Structure formats: C-alpha cells, structure tokens
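# Let's see this in three dimensions:
(one chain, ligands or ions: 1)
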Amino acid sequence: MPEPQHDYRFETFPAALDPASTEGDPDARTAAFVRAVRAGFYDSEPDAERLRSMAASFVADHQMLTAAYPASAPEGALSAEVPVATFVTFGKRINTGHGRQLGAHLITGVTVRPTHRRRGLLRRLMETDLRAAAAAGKPLAALTASEGSIYSRFGFGPVEWQSEIEIDASPGLAFRVEPSGRVELAEPAAVKRLAPQIYARFQERTPGALERKHAYWRIISGELDPESGKPDPAVRAAVHYDPEGAPDGYVTYKFTGWEPPTVKVIDLIAVSDEAYRSLWQFLGTLDLVQVIRYGDAARDSALPWLLADGRRMRTKTSEDGVWLRLLDLPAAFEGRGWGPVSATLRLRVSDRLGFTAGTWELTVADGTARVEALSEDAPADLALDTGDLASLYLGGADAALLARAGRLTELAPGAAVRARSLLALERPPYAPSHF
Ligand SMILES: CC(=O)SCCNC(=O)CCNC(=O)[C@H](O)C(C)(C)COP(=O)(O)OP(=O)(O)OC[C@H]1O[C@@H](n2cnc3c(N)ncnc32)[C@H](O)[C@@H]1OP(=O)(O)O
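Residues are numbered from 1 along each chain as shown. Presented below is the predicted three-dimensional model:
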C-alpha cells in the first residue's frame, strides 16, 4: 500500500561545502543529495573526487536542493538521511528573441527512488516549487525532460528541438560558400578560458539560448569527462577569429575511431555566420575523416544549406530539448522580443495550476507587447492549454500544426496562421545547453 505523503520530511537548502574540509568536500546533506541524484539516473556511486567536483559545480550555480527524506529506515536499508526524492532549482537567463532576456527558473536533478515512485512525490515537489517560483515573480520555469510523457501535465511544453546529425565527410564533400575566416587549432585549456565569453555573445543573439551552468567549460574542453569523471585527453579544439583577430567561435571535438574514421563534435559555438561556416568547413576538410557526428545540432539549422550536396547531412534522431512553463503570462510576453509586426491576438488559456488561466489580449506594436486580462467570456481567437502556449512562445512550434493536431482551437478563422507569423522570432529557438 502506498505510504501517506506526510511520512516524508521535506527540506530545501542551498548546495554547500563542508566548512571543516580543506579539500572542498560537500557537507553531509549535499553529499547524500548528490548520491541520490546519481542513483536516480543510474550513474555509478561517486568517489570523493567526483563528489567534490559535482558539489563545486552545484555551489557555483547557487543550486537550491529540495529533498524528501523517509520518516525511518529499517535495518539494512539506505539511511533515513539519504533522500528518497530530489529536486534541484537554479536561475539562468534565457534569450527571448531580438536580444531580450528573461530570468528562467531551471529545474533539474528530479529523481524519486524506485521504491517510492508513483505515490505523488514528483507532483508534490513540482507543484510546490512552481507555486513558490510564481509567487516570487518568476515569469518562466524551464527543464529538459528524461521522458516526453511526464511534464506536460504540469503545464510545460517543448520550445526547441535538437538533432543528432551525421555528415558524410568522405572525399567530395564541398561547401556552397567558401568561408574566408581564420581558424586555428588551439589548446583545449585555452578554449576553456575563451569559451565563456564567446558563448555569452552567442547566447545574446540566439533565441532560446540559455546561460550555461558552471561545469560546462570543463566538460567541453575535455578537462572533465562526464562519464569517467576524469580528464579526456582525446578532446581537440579549434578557434575562429574575426577579421580584427578576436575569437568569435570555437569547436571542440574528438576522433572516436578508424572504422570508419569518425570525428564527434562536442561543442560548436559561433557568434557570427562567418564563424559558423568556417568552423564547419574546418571540420569537413579534416584529412582522413569520413564521418562527422554531432548530437546537439539545431533541428532547423543552416548546415544542409551550407553543403553543396545537402544529402551529405543525415538526421539520425531528433528530440525536444528545453521545455518552458509560463508562470506569469503578461511578464513572459511583454519580456519577449518582437519583429516589425503589429497585431492583436486574444488567447483563451487553460491551466490546471491556474497561473496563466484566463482570456488574454496580446497587442504587439513597435517591437513591444502589451498583455491585458479580459473577462472570462470575452471573445478569443485561439483556445489552448498553457503547455501548448509555452511551445508557441518562442516561435519554435507552429500554431497551424497544433491546430491540425487538435491541440488548439481556432475560435476565429485563420487565427493559427496569424499566431504563427506574430510569434516567429528572428531564428528558430536553439538551446545547446544541458542542465
Ligand atoms: C527535469 C528532470 O530532472 S527530468 C528527470 C526525471 N527523472 C527521471 O527520469 C529519473 C527516473 N524516474 C524517476 O525518478 C521518477 O519515476 C519520476 C521523477 C519521473 C516520477 O516520480 P513519481 O514520484 O513516481 O511521480 P508521481 O507519482 O508524482 O507522478 C505524477 C504524475 O506523473 C506521472 N508520471 C510519473 N512518472 C512518469 C513517467 N516516467 N512517464 C509518464 N508519466 C509519469 C504519474 O503517472 C502521475 O500522473 P497523474 O497525472 O495521473 O497524477
């Protein structure tokens, strides 16, 4: 029989190091929490070094940890100090188009121990957290989902999609445009130093892009292999320089084997289109290499257009990346960037948690939006659930396709197509950031 929920003790605390440790060990609560998260995702038990490195990264990102502890633990079972459920939150900015940014409440590290699952722990943690975030005035929550079927019930919708691509780089690979920029091989350690500034400029110009968590630069430069927890000496790096000699793009990659000769891209970040073209041309012209793989490519990218033969790029898989949850609808839409469009759209939004429920009038003019709450029965153009509105929010999903799928209702003829053109941003959203 499921245990009643009040058998759990809940605690929320910041990730912290042990003040008595000279080596940066986490305090006991944080260490037990990290262990529980790793167990929840079937990762190996962390050794002291791994615990220190994970805790340092949690602390650097100011992560708040919420744990559910069992009231007791029978003999031989994991101690009652080890959480049965974990839930991590921290704040980063997200690009909401045309250079605008909003704070996003990021949710990660969600686990429930197998022996305590399906008793409502996730629901309790999620709903409590979303209510607190909304009450604190946060406009958006964000997560990446381990499974596609979990989070729409909490009002999240996917906003951007990423593909695992493979490029046939065998002889004959050619590019439509010859890049003229300068690319140089670099020490991965130098790229670790340069990458944060390059990424910050990329994030400022890329709709959907999130600030990255602290551990990123160690991982993409090979200083920390997430699998082994050790350095990965196979990682190589190259940097693109703008005409003034300033770095404005980089790629880190590794050669993964000869059968067939394959290069795996770890991270490719370009501030300018020129840097983007040059870095792909650099990869495409590596001698002996026949296959290039990249797991985090934007679903809608310029790459097939850059290749003389677009069929050389194959999409192996494509999956949702970041999911958003609108917590404050007016703040979210008024905090978004807008193109040179003037339009009004009335939305009837259903929201089981209530944050965005109601009928809203969105008026866009001169690059800004105003949102007004209307009376419940005011006429509307579209009726939809808040999770689907989140998917439309950055223009990543197409309202006309959602209408076709029956997920939104057009109350005024042609409203879905109008919504599509109103909500489109300067580029499809793309968030190459795991968190
Ligand atoms: C943001 C992130 O961190 S993503 C990572 C999520 N974590 C994982 O995938 C690790 C392995 N899985 C787990 O730890 C757990 O199974 C969790 C966290 C996914 C679910 O926790 P639980 O406490 O069992 O969920 P809970 O009992 O609160 O279920 C809430 C609802 O979600 C549904 N649900 C829970 N897990 C799943 C799932 N894996 N797939 C589909 N639906 C699910 C439940 O059926 C329930 O539905 P309802 O609307 O009918 O009430």
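# Residues of the stretch 101-250 of the chain that sit close to the ligand?
Applying C-beta under 6 Å from any ligand atom, we find that the stretch 101-250 of the chain lies next to the ligand at 107-112, 117-123, 143, 145-147, 149-150, 153. Any C-beta I mention is one placed from the backbone N, CA and C, and that applies to glycine too.
# which residues in the chain form helices?
Applying DSSP state H to the chain gives helices spanning 28-40, 48-60, 121-135, 188-205, 216-220, 273-284, 303-306, 329-334, 386-393, 399-404, 415-423.
# Ala56 - how many residues pack around it?
As a burial measure, Ala56 scores 17 neighbours (other C-beta atoms under 10 Å).
# re the thing from before, just the buried residues out of the residues of the stretch 101-250 of the chain next to the ligand, in PyMOL syntax.
Buried members of these, defined by 16 or more other C-beta atoms under 10 Å, are picked up in PyMOL with:
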select buried, resi 107+108+109+110+111+112+119+121+122+143+145
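# show me the contacts for the residue nearest to Leu65 when sequence neighbours are not counted.
Sequence neighbours aside, Phe33 is the residue nearest to Leu65 in space, at 5.0 Å (criterion: C-beta to C-beta, 6 or more residues apart in numbering). For Phe33, the contact set (C-beta atoms under 8 Å, 6 or more residues apart in numbering) comprises 15, 65, 67, 83, 86.
# now Arg212
92, 199, 203, 433, 435.
# List just the nearest of those to the ligand.
The nearest member of those to the ligand, counting by C-beta to the nearest ligand atom, is Phe435 at 8.8 Å.
# Please determine how far that closest one is located from Arg370.
Distance, Phe435 to Arg370, using C-beta to C-beta, to the nearest Å: 32 Å.
# Kindly report the same for Thr30.
Counting by C-beta to C-beta, the gap from Thr30 to Arg370 is 44 Å.
# Switch the contacts of Arg212 over to a markdown table; also include distance to Glu49, pLDDT and neighbour count.
Below are the contacts of Arg212 laid out as a markdown table (distance: C-beta to C-beta, whole Å; pLDDT from 0 to 100; neighbours: other C-beta atoms under 10 Å):
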| residue | distance to Glu49 | pLDDT | neighbour count |
| --- | --- | --- | --- |
| Lys92 | 26 | 98 | 18 |
| Tyr199 | 26 | 98 | 23 |
| Gln203 | 30 | 98 | 23 |
| Ser433 | 25 | 92 | 22 |
| Phe435 | 22 | 94 | 22 |
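# Ser79 - how many residues pack around it?
A total of 9 residues lie near Ser79 under the criterion other C-beta under 10 Å.
# mind listing what the nearest residue to Glu187 once chain neighbours are set aside touches?
Nearest non-adjacent residue to Glu187, counting by C-beta to C-beta, 6+ apart: Ala237, 7.0 Å away. Counting by C-beta under 8 Å, 6+ apart, Ala237 touches 185-188, 190-191, 221, 250-253.
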